[in-house]
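Enquirer: Here's a sequence, model it:
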Amino acid sequence: MGDTVQMSAATIRRRTFLGAAATLAMPRIARGATEPFRFLTNWFAQAEHAGFYQAQAKGYYRAEGLDVVIDHGGPQINNIQLLLAGRYDAIIGGTGEAMLCVQRNMPAVTVATTFQTSLGGILTHPDITRFSDLKGHTILLSTEVRSTLWPWLRDHYGFDDSQVRPYGYNVQPFIIDPSLAIQGFATSEPYVLQSRKIPYNYFPFSDYTVADYGNPLLSRRDVVTKRRDDVARFLHASMKGWADWMENDPGPGNALIRAENPIMTDDQIAWSRGQFRKISGFGPAGSHIGTILPDRCRAVRDFMVATHQLSGDVHWEEAFDFSFAPAMDSVFT
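Expert: Residues are numbered from 1 along each chain as shown. Presented below is the predicted three-dimensional model:
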């Protein structure tokens, strides 16, 4: 990875019903777990996963009768492949990714989300004050963003493919080159830049493409069918973990994060926690944490059709199960 042999902190952080709604609303009573519920995050342990670790540390999963195993992702880990192969029961993935699975007859299904807004965007130096000012500037983008969002940005803002270079999840090139722009996450790369007193501007992808969810939770159709109650209990406990981590002492979850990812610091976690509130990551006060809505998912579908990523005749609704909403009764305050 070139100059990423000595990896920066940003490098490590960025990539680790039973039938009816009435059943989901019933009081949860701990029961003996039968088999582990295996969950894979999308990067090394960090604040973006804190609610799950908080639920683990505070015993919320155990109280639901679940034996939840949390594994962290990384740059060489293909989450959707591992989900479809049966290695995991739920992963952090993407809404668009789930719709593409439907198009390919793969049984992935989105059951919830972590954040109500996407965390991704473009970081520029202060001389770039409008998104259109990026014309002629080199932009470092991941393979995923280049294939999903870049075509829209290119066509609508008059950019050119020659501007794009691969992003290695390292802010050092941005620090060295004052003409460079890089992909980043609102809760990660900006922290590194601020800690080094390097000025920047941040342009969220959701303001210039489509208002997608952040860190959606995907499962498989057979898991949702055969272990429906386990999925509901997992979601209930996870969102309770997020509410608890945001409103009360985050220490238990933070300790598990640092144990999984020793390079992570308390300062970074605290800064990201503040950002979640600043950007309304869980929606406005009074929102139920984790819920997904058909209209917003349809908007993502329309965007993908418009950018020729998804066929217009795909039954995109099959990529979502909205019926788990009653299980996610924790409210963001």
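Enquirer: Tell me where this protein has strands.
Expert: 37-40, 68-71, 90-92, 108-115, 120-124, 139-141, 164-166, 181-185, 201-204, 214-220 (DSSP state E).
Enquirer: Reformat these as TSV; add distance to residue 158, mean pLDDT and mean neighbour count.
Expert: Any C-beta I mention is one placed from the backbone N, CA and C, and that applies to glycine too. Putting those into TSV (distance: least, CB to CB, whole Å; pLDDT from 0 to 100; neighbours: other CB atoms under 10 Å) gives the following:
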stretch	distance to residue 158	mean pLDDT	mean neighbour count
strand 37-40	39	98	22
strand 68-71	42	98	18
strand 90-92	34	98	25
strand 108-115	30	98	24
strand 120-124	15	97	23
strand 139-141	13	97	22
strand 164-166	14	96	14
strand 181-185	15	95	25
strand 201-204	16	96	17
strand 214-220	28	98	24
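Enquirer: From what I see, residue 39 and residue 67 are in contact.
Expert: No. Using CB atoms under 8 Å as the test, residue 39 is too far from residue 67 to be in contact (11.1 Å).
Enquirer: still on that earlier bit, the strands of the chain: which one's closest to residue 314?
Expert: Set against residue 314 and scored by CB to CB, the strands of the chain come closest in strand 108-115, at 13.1 Å.
Enquirer: helices or strands next to the closest one in the packing?
Expert: Applying 3 or more CB pairs under 8 Å, 6 or more residues apart in numbering; DSSP states H and E, we find strand 108-115 packed against helix 79-84, helix 95-103, strand 214-220, helix 221-226, helix 228-247.
Enquirer: quick one, what contacts residue 185?
Expert: 14, 48, 119, 120, 121 (CB atoms under 8 Å, 6 or more residues apart in numbering).
Enquirer: Farthest-apart pair in those, please.
Expert: Top of the distance list for those (CB to CB): 48 and 121, 14.4 Å.
Enquirer: Can you report how many residues lie near residue 162?
Expert: 8 (other CB atoms under 10 Å).
Enquirer: Residue 192 too?
Expert: 21.
Enquirer: Report pLDDT for it.
Expert: With respect to pLDDT, residue 192 scores 93.
Enquirer: Quickly note the distance from it to residue 230.
Expert: 38 Å (CB to CB, to the nearest Å).
Enquirer: Point to the residue nearest the middle of this protein.
Expert: Central residue of the chain (CA atoms, centre = their mean): residue 215, 1.8 Å from the mean position.
Enquirer: Now do the contacts for the closest residue to that residue other than its chain neighbours.
Expert: Spatial nearest neighbour of residue 215, chain neighbours left out: residue 114 (3.7 Å); criterion: CB to CB, 6 or more residues apart in numbering. If a contact means CB under 8 Å, 6+ apart, then residue 114 has 48, 51, 92, 213, 214, 215, 216, 217, 242, 290 as its contacts.
Enquirer: what's next to stretch 293-309, contact-wise?
Expert: Against stretch 293-309 from outside (CB under 8 Å, 6+ apart): 95-96, 99-100, 110, 147-148, 151-152, 209-213, 310-312, 316-317, 319-320, 322.
Enquirer: Next, the buried residues of that stretch.
Expert: By neighbour count on 16 or more other CB atoms under 10 Å, the buried set for stretch 293-309 is 296, 297, 300, 301, 303, 304, 305, 307, 309.
Enquirer: circling back to that earlier point, now distance to residue 259 too, for the strands of the chain, in CSV please.
Expert: Output for those, formatted as CSV (distance: least, CB to CB, whole Å):
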stretch, distance to residue 259
strand 37-40, 17
strand 68-71, 11
strand 90-92, 19
strand 108-115, 21
strand 120-124, 27
strand 139-141, 31
strand 164-166, 31
strand 181-185, 22
strand 201-204, 30
strand 214-220, 21
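Enquirer: quick one: which of those strands is nearest residue 132?
Expert: Residue 132 sits nearest to strand 201-204 of all those, at 10.5 Å, using CB to CB.
Enquirer: helices or strands up against that closest one?
Expert: So strand 201-204, by 3+ CB pairs under 8 Å, 6+ apart, packs with strand 120-124.
Enquirer: So what angle separates the directions of the strand it packs on and strand 214-220?
Expert: Here strand 120-124 runs at an angle of 150 degrees relative to strand 214-220 (axes from the mean of the first three to the mean of the last three CA atoms, to 10 degrees).
Enquirer: Strand 120-124 - which strands sit beside it in the sheet, and in what orientation?
Expert: strand 181-185 (antiparallel), strand 201-204 (antiparallel) (DSSP bridges).
Enquirer: how about the CA coordinates for that strand, as PDB?
Expert: Extracted as PDB, the C-alpha positions of strand 120-124 are listed here (Å, rounded to 0.1, in the frame of the first residue of the first chain):
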ATOM      1  CA  GLY A 120     -19.100   9.600   3.700                       C
ATOM      2  CA  GLY A 121     -18.000  12.600   1.800                       C
ATOM      3  CA  ILE A 122     -15.100  14.500   0.200                       C
ATOM      4  CA  LEU A 123     -12.500  16.400   2.100                       C
ATOM      5  CA  THR A 124     -10.800  19.300   0.400                       C
END
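Enquirer: can you give me how far that strand is from the chain middle?
Expert: In this view, strand 120-124 has its centroid 16 Å away from the chain centroid, taken as CA atoms, centre = their mean, to the nearest Å.
Enquirer: Model confidence for residue 188, exactly?
Expert: 89.
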